[in-house]
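A.B. asks: What follows is a predicted protein model with its sequence.
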Amino acid sequence: MNKYDVIIIGGGPAGLHAASNISSEHKVLIIEKDDEIGEPVLCAEGISNNTLKTFFKEENLPFIRNRFSKVTIRYKEKSATIEIPDMGLLVDRSKFDKYLAEKAIKKGSEIKLNTLALDAVLNEDHVTVKTNNGDFEAKMVIAADGVESYIGHKLGLETVCQLNDMYSCYQYVISDNSINDDEIVFDFSPEYAPGGYVWAFPRGEKTANFGLGINAEMMKSRPVEVLRAYKEKFYPEAKIIRAFSGCVSVNPLSRIYGERVLIAGDAARYADPITGGGIDNALRTGGFAGQVANIVLKEDNFSLKKMSIYHELVEKDNWYSIKRQLQLKKMMSEMTEEELDRFFTSSLGLFDGKKVFSSDFYSTIYSLKSTIKTTGLLYNLLGSLMKDKYLLKIIMRLLWQ
Ligand SMILES: Cc1cc2nc3c(=O)[nH]c(=O)nc-3n(C[C@H](O)[C@H](O)[C@H](O)COP(=O)(O)OP(=O)(O)OC[C@H]3O[C@@H](n4cnc5c(N)ncnc54)[C@H](O)[C@@H]3O)c2cc1C
């Protein structure tokens, strides 16, 4: 039997970053079912500049594809373009994940590719992970097995996902002369992506990751058909370079730890409930999982109580952001189409042509309470809010709930 201190299931951002955070004195194995780290890419590859700055202090990062500074939001016939300097970038996910893997390997981790974890069994003083390549044993497991995760369930955690928390996605990589390399586009029109949105994220050189995610409960047509129709209307001349389907699930598990197990990233359902972006939280939760592994290994204490430190750290770090996004998701899913029309008309009118001095658009909206001292944006915003009681009501609910 192959024995380790930690077995990490899943070689995506959560698992790889967890490994980098585990001290080299511990023996770490990462199990990945695919034959190459970072492939196949099932992602629109957008991250915020905040994420980049938080997790990558190095220079000359090899995975950056393209930076953008404008966002256009469409809703039915209306649209708004907002300038957000230094807002975000597209990464090359294949290179991004490989970069994280190199760091993990430098730290001493071993990676086994083509190795599918089939089962995990909790024993008195270890966990046995059963794979298509034999059985492995470790003092603890980090389940970072992504959106299809079942390892948490095997180890006794409640992981059932409601239909309303799932988004069914389809994406093309397209090449088209109409693509603005400096602008990301979101379209929230309910006729295309009920409960979700259509995106076009520029990869540079007039190519884009162009896809949509539809709330599974509200889905009337298959995402592939809707995206095809959308393309015919908005990008009729676009050349399709690649196509794939995928899934995002949101709304974190009520408990992301168990005896000898921590759950990180998409497996813990830590993708953003509104944007579906999960790379940032995969790195956050992965990082904490690695740190907690160091603590419990040092103390040789894998009890439920000790493992719960992980949940506390994760919630303290980012729970506020997830919670407010869940509230916004709930509110939007409860709105009638008429209410949605009013919400978007107000918001788009408010933001069109504005410049927002933040690398995080959402935090600008939500941090109004603490930015009483800032800029013309607040002045404009308050002026508009006074005139628009409906939008004011919604923002108040988000801020003070
Ligand atoms: C269409 C689409 C677009 C997206 N766009 C964005 C975006 O623009 N920005 C953003 O931030 N997020 C985006 N996301 C979400 C993002 O891809 C995920 O949140 C992120 O990859 C989560 O990282 P992770 O490490 O938790 O999981 P993953 O990256 O999914 O990694 C999990 C790994 O575990 C492996 N694995 C799974 N089961 C097993 C098993 N039993 N045994 C061994 N290995 C296993 C998988 O092969 C995979 O490599 C998108 C998702 C989709 C579907």
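C.D. replies: Good, I have the coordinates. Numbers count the residues shown, from 1 in each chain.

A.B. asks: Now do the longest strand seen in the chain: everything it contacts.
C.D. replies: In the chain, assigned by DSSP state E, the strand with the most residues is strand 78-91. Contacts to strand 78-91, defined as C-beta atoms under 8 Å, 6 or more residues apart in numbering, come from residues 45-49, 52, 63-73, 183-184, 201-204, 209, 279, 344-345, 347-349, 351-359, 361. For glycine as for every other residue, the C-beta is placed from the backbone atoms N, C-alpha and C.

A.B. asks: among these, which are in strands?
C.D. replies: Short answer: the contacts of strand 78-91 in strands (DSSP E) are 46-48, 64-73, 183-184, 201-204, 209.

A.B. asks: List only those of these flagged as buried.
C.D. replies: 46-48, 64-73, 183-184, 201-203, 209 (16 or more other C-beta atoms under 10 Å).

A.B. asks: filter these down to the ones near the ligand?
C.D. replies: Restricting those to those touching the ligand (C-beta under 6 Å from any ligand atom) yields 46-47.

A.B. asks: hang on, the earlier thing: so after the longest strand of the chain, what's the next helix or strand?
C.D. replies: helix 93-106 (DSSP states H and E).

A.B. asks: mind listing what's buried in that following helix?
C.D. replies: 93-101, 103-105.

A.B. asks: which residues touch the closest residue in space to Gly146 that isn't next to it in sequence?
C.D. replies: Spatial nearest neighbour of Gly146, chain neighbours left out: Asp266 (4.7 Å); criterion: C-beta to C-beta, 6 or more residues apart in numbering. The contact partners of Asp266, by C-beta under 8 Å, 6+ apart, come to 12, 14, 146-147, 149, 248-249, 278, 282.

A.B. asks: Out of those, list just those in helices.
C.D. replies: 14, 282 (DSSP state H).

A.B. asks: JSON lines for the contacts of Asp266, including pLDDT, neighbour count and distance to the ligand?
C.D. replies: Shown next, in JSON lines, are the contacts of Asp266 (pLDDT from 0 to 100; neighbours: other C-beta atoms under 10 Å; distance: C-beta to the nearest ligand atom, whole Å):
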{"residue": "Gly12", "pLDDT": "98", "neighbour count": "31", "distance to the ligand": "2"}
{"residue": "Ala14", "pLDDT": "98", "neighbour count": "34", "distance to the ligand": "3"}
{"residue": "Gly146", "pLDDT": "97", "neighbour count": "22", "distance to the ligand": "3"}
{"residue": "Val147", "pLDDT": "96", "neighbour count": "19", "distance to the ligand": "6"}
{"residue": "Ser149", "pLDDT": "95", "neighbour count": "25", "distance to the ligand": "7"}
{"residue": "Val248", "pLDDT": "96", "neighbour count": "23", "distance to the ligand": "5"}
{"residue": "Ser249", "pLDDT": "95", "neighbour count": "22", "distance to the ligand": "10"}
{"residue": "Gly278", "pLDDT": "97", "neighbour count": "25", "distance to the ligand": "2"}
{"residue": "Ala282", "pLDDT": "98", "neighbour count": "28", "distance to the ligand": "4"}
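
A.B. asks: Give me the phi and psi for Asn180.
C.D. replies: Dihedral angles of Asn180 (phi, psi; degrees, to the nearest 10) stand at phi -90, psi 120.

A.B. asks: ok now stretch 203-213, how far from the chain's centre?
C.D. replies: Between the centre of stretch 203-213 and the centre of its chain there are 17 Å (C-alpha atoms, centre = their mean, to the nearest Å).

A.B. asks: Please name the nearest non-neighbouring residue to the residue nearest the centre of the chain.
C.D. replies: Centroid check for the chain by C-alpha atoms, centre = their mean gives Gly278 as the closest residue, at 1.0 Å. Nearest in space to Gly278, with sequence neighbours left out and distances taken as C-beta to C-beta, 6+ apart, is Ala271 at 3.4 Å.

A.B. asks: Need the per-residue pLDDT for that neighbour.
C.D. replies: For Ala271, the model assigns a pLDDT of 96.

A.B. asks: Check Leu340 too.
C.D. replies: 89.

A.B. asks: Doesn't it lie inside a helix?
C.D. replies: Yes. Under DSSP: H, G, I helix; E, B strand; the rest coil, Leu340 sits within a helix.
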